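**Q** pasting the structure only:
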C-alpha cells in the first residue's frame, strides 16, 4: 500500500516537471530522491512568458517583428534561419537577447521562406542573459523554445522548454552551446 502511494506521488511529481532520481524497492530504508528539473518548472514558464512579452514589445517576435537576413540553417534549428540580437527588459533589468527564427520544413529554401515567412516559421529559439548567479556554470543564459504564437514547445516528456534547458544532459541547448563556451555560448558573430 505504501509503495502504491509513493508510486502515485512520484508519477504526479514527474507530471509537474520534477525529476525523480533513485531506487524505489522493497527494502524499508529505500527512499526516492526528488530534485527539481533545471527547466520547465513554473518559475521558468512564467519568466518565459514575461520574456515573450518583452520580445513582442521590442518587435522581435509576432506579426510586427523586425526582419533580418535569412540564411541556410541546420538541425536542430531549421532549414532556414533568421537571427536578431538586441537588448530587452524583463522585470526591472535589461540585458542581451538573441532571437533565432527557425523555418522549415526540411529542404525549404531561403527564397521560399522570404516569400512567406509566416507559413514556414516553426519555432523561435531565444537566449536571454539573466542576472549574475542565475546559472554561472553556463554563463547565466536563460533558454526558451517558443511556437510562433508564443506558447512554449515541450520535450517528449512534456516539460516546457524554458529555463536551463537540458542542463546536465548530453543533448539540448546547453550541451550544444558548450562547444563555444569561450565565446559566451554564442555561435557565429557577436554583436
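**A** Alright, I've got the coordinates. Quick caveat: nothing in here was measured; it's all calculated off a predicted structure.
**Q** following the host helix or strand of residue 144, which helix or strand shows up next?
**A** Using DSSP states H and E, residue 144 maps to strand 141-146. Using DSSP H and E, the helix or strand that follows strand 141-146 towards the C-terminus is strand 162-163.
**Q** just checking, what packs against that next one?
**A** For strand 162-163, the packing partners by 3 or more Cβ pairs under 8 Å, 6 or more residues apart in numbering; DSSP states H and E come out as helix 42-57, strand 141-146. Any C-beta I mention is one placed from the backbone N, CA and C, and that applies to glycine too.
**Q** please identify the most buried of these.
**A** Greatest average neighbour count among the helices and strands packed on strand 162-163 goes to strand 141-146 (a mean of 24), per mean count of other Cβ atoms under 10 Å.
**Q** quick one: that strand to chain centroid distance?
**A** Centroid separation for strand 141-146 versus its chain: 3 Å, with Cα atoms, centre = their mean, to the nearest Å.
**Q** and what of stretch 124-139?
**A** Centre to centre, stretch against its chain (Cα atoms, centre = their mean), the figure for stretch 124-139 is 11 Å.
**Q** excluding its backbone neighbours, what's nearest residue 186?
**A** Excluding the flanking residues, the one nearest residue 186 by Cβ to Cβ, 6 or more residues apart in numbering is residue 180, at 6.3 Å.
**Q** now do the strands in the chain.
**A** With DSSP state E as the criterion, the chain has strands at 18-21, 33-36, 70-72, 80-90, 93-103, 121-129, 141-146, 162-163.
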